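> Provided below are the primary sequence and the corresponding predicted coordinates.
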Amino acid sequence: MLAEFGMRPRFGWRGTAVMVAAGIAPDLDVVAKLAGDQFFWQLHHALGHGLLPISMIAAAVAGIGRAVFKMPWDGFVFGWCLVAAAGHVLTDALYWWGINVLWPFGRVEICFHVLEYLDLLVLAIWLIGAVMLYRTSGRGRAVAATTLGVFAIYVGLRAVLPPPTGVWHWLTGGWMYAAPQGTPVLDWW
C-alpha cells in the first residue's frame, strides 16, 4: 500500500517489488529459529527490527533496486525502502511481542498489545485492499489511502474497546489457540 504513494508512480511494478522486498526483509531474522527456540525468541524482532538493522536493510534493498532494476542511487529509493521496513516494524509492534528498537546497542522494547497474531479481520483488510489495487487501475492512491485508513481505524478501535469475546474473539486471532495439537505450522511457531 505504501508503494502507491511514491515508488509505484515513479518506477511502476519495479518500485512496488523493491518496496515489498524492503517491507518483508526485517523478518529474515526468523533464521534464528534454526539455532533453536531460545535464540529465536531472543533475536527475532531484534536482529532485523531495530533502527540500525532496518537502516541497513533499506540501504541493501535500495542497492539491489539499483543493481537489478537500474533505479537511481538517491535518497528517494532509500527513503521509501526505509518507510517500508519501518512500517513493518511499527505493524509488528501492534501485536503481543516486543520489538527491540535499539538492538544491538540496548534493550528497549516497543509493544502495544493491540492486535492478536493471525487476526483474520486484519488479514481481510489487507487482502481486500490488495484485490482492489489489482482490479482498479489508476486509483492506486485512493485504494491505498482507504486501506491504510481502515486499518488505522481498526487498530484504534481495538485499542480503546474491551477485548473481543465469542465469535469476535475467534475472528481476531483466538482461532489459532483452538487449533488441534499436531498442527505442523502452528506447533512449530
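Alright, I've got the coordinates.

> And the pLDDT at the closest residue to Gly140 other than its chain neighbours?
Of all residues not flanking Gly140 in the chain, Glu4 sits nearest, at 4.2 Å (CB to CB, 6 or more residues apart in numbering). The way it works is simple: take the backbone N, C-alpha and C, and place the C-beta from them, glycine included. Predicted confidence (pLDDT) for Glu4: 96.

> In terms of pLDDT, where does the residue nearest the centre of the chain sit?
The centroid of the chain falls nearest to His88 when counting by CA atoms, centre = their mean (3.1 Å). With respect to pLDDT, His88 has a value of 95.

> you'd agree the residue nearest to Gly140 is up against Thr136?
No: using CB atoms under 8 Å, Glu4 is not in contact with Thr136, being 11.3 Å away.

> Point out where this protein drops to low pLDDT.
179-180, 182-189 (pLDDT under 70).

> Tell me which stretches of it form helices.
7-11, 13-24, 37-43, 51-69, 75-93, 120-135, 140-160, 166-171, 184-188 (DSSP state H).

> Turn the ones you listed into JSON lines, including distance to Glu109.
Converted to JSON lines, the helices of the chain look like this (distance: least, CB to CB, whole Å):
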{"stretch": "helix 7-11", "distance to Glu109": "30"}
{"stretch": "helix 13-24", "distance to Glu109": "21"}
{"stretch": "helix 37-43", "distance to Glu109": "12"}
{"stretch": "helix 51-69", "distance to Glu109": "13"}
{"stretch": "helix 75-93", "distance to Glu109": "9"}
{"stretch": "helix 120-135", "distance to Glu109": "21"}
{"stretch": "helix 140-160", "distance to Glu109": "18"}
{"stretch": "helix 166-171", "distance to Glu109": "26"}
{"stretch": "helix 184-188", "distance to Glu109": "24"}
